[in-house]
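[1] I would like the atomic coordinates for the input below:
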Amino acid sequence: MAAPCPHCGSTEGQDHLCAAQSLQLLGQVLDGRYKIESVLGQGGMGMVFRATQTSVQRPVAVKTLNPSLAAAPQFFERFRREAEIASRLRHPNVITIFDFGRAADGTCYYVMELLKGESLKELVKREGPMTLRRAVNLLEQATLGLAHAHEEGCVHRDLKPHNIMVQALDGKDFVKVLDFGLVKALEQDEEEQLTSTGQVLGTPQYMPPEQAGGESVDQRSDLYSMAGVLYFCLTGSSPYGANTVRKALTASLTQPVPPVNSKRQGAPVPPELDAFFTKALAPEKEDRYQNAQEFIDALLDAVEGLSADELDAHPTGGTAGTERGTGSRSRPGAGVEAAARVG
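    Numbering: from 1, shown residues only. This next block holds a predicted model:
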């Protein structure tokens, strides 16, 4: 048994994920520039704090990476490279990264705009499955942001409802995609990953089979995950409901995509939308939509010609309950502040 961690008491060894060490930053000024004020979120990969950039008194979100991950060999160089790519992204539907670095104590961090709103995960949990109009509008915005990232050579690798933020601007939904760059920065090279750790980073419910199998991923992998997010918005559940990498891989390779209407009552979707999901969630990358614009065009084609009543029909049943919002408005929780989700 390993010696207890001096921060949290864990006996899992030096590679365990320790949140207590990150919590020591509360009240401190990180890297001489960012006053850490409160916790916005946490997970296995790190923590997100509300902070103030002391030089200009600007409120920001600071994401620190778990110290045990940051201690990995060559980690910072990979982190620096990926954070640099992510910080170049400039699109209305992508969160803005202002800064990144490594403090004197070894803490790796990056600094983002502070957003007010709630994630798709929180929104559907609170209001239930969405109308077709609202879901398509949100996913179109998110995919436009994703298209920009792909053009800049950035693959997300962990798209999920937690990582898509919905804000209300002028009474309408406005989307921001979060967490670009981090997952790729945390992964080792594919061969080393398979032979040394056996771990695959990502979220099983929305993970494409090539990622679950430890193979290389590209923009088509992101689009697979984005289709899973749309499925969640319409039904309140992921396509297969897999909660482990092994189950996700098995389901995506051996099971057909469950029809949306089998998980959604009171507001049926057209067969064209199920055909869209069949292609978007195909096991092989070559059989899916090959780029973000093709994905968007196919999605819009699938709902083209539907009446306003069909587009705005509220589901009466679904995994997460009944939606109470409108097809064109967001009702984020008052005062909810959020930034990139963790782990």
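[2] What does residue 86 show for phi and psi?
    Backbone geometry at residue 86, expressed as degrees, to the nearest 10, gives phi -60, psi -30.
[3] Please enumerate the strands of the stretch 101-250 of the chain.
    Counting by DSSP state E, counting those that start in this stretch, the stretch 101-250 of the chain has strands at residues 108-113, 115-116, 118-119, 164-169, 172-177.
[4] Show me what the second one packs onto, helices and strands only.
    Identification of packing neighbours for strand 115-116 by 3 or more CB pairs under 8 Å, 6 or more residues apart in numbering; DSSP states H and E yields strand 164-169, strand 337-338. Using the backbone N, CA and C atoms, a C-beta is placed for each residue, glycine as well.
[5] ok, now the last one?
    Counting contacts by 3+ CB pairs under 8 Å, 6+ apart, strand 172-177 packs against helix 132-151, strand 164-169.
[6] Residue 278 contacts residue 255, correct?
    No - between residue 278 and residue 255 there is no contact under CB atoms under 8 Å: 11.8 Å.
[7] Settle it for me: which of the two has more neighbours?
    Here residue 278 and residue 255 are compared on neighbour count by other CB atoms under 10 Å; more neighbours surround residue 278, at 15 against 12.
[8] What pLDDT is listed against the nearest residue to that one once chain neighbours are set aside?
    Nearest non-adjacent residue to residue 278, counting by CB to CB, 6 or more residues apart in numbering: residue 257, 5.6 Å away. At residue 257, the model reports a pLDDT of 95.
[9] Kindly report the same for residue 212.
    Per the predicted model, pLDDT is 85 at residue 212.
[10] do the one 10 residues further on as well
    Reading off the confidence values, residue 222 has pLDDT 96.
[11] try residue 107
    Note for residue 107: predicted pLDDT of 87.
[12] quick one, helices of the stretch 201-343 of the chain?
    209-212, 219-235, 245-254, 271-280, 292-303, 308-311 (DSSP state H, counting those that start in this stretch).
[13] nearest to residue 37, of these?
    Nearest to residue 37 among the helices of the stretch 201-343 of the chain is helix 219-235 (30.7 Å), distances taken as CB to CB.
[14] got the angle for the closest one vs helix 132-151?
    160 degrees (axes from the mean of the first three to the mean of the last three CA atoms, to 10 degrees).
[15] Quick one: list the elements packing against helix 219-235.
    So helix 219-235, by 3+ CB pairs under 8 Å, 6+ apart, packs with helix 120-127, helix 132-151, helix 271-280, helix 292-303.
[16] so how far is that helix from its chain's centroid?
    In this view, helix 219-235 has its centroid 11 Å away from the chain centroid, taken as CA atoms, centre = their mean, to the nearest Å.
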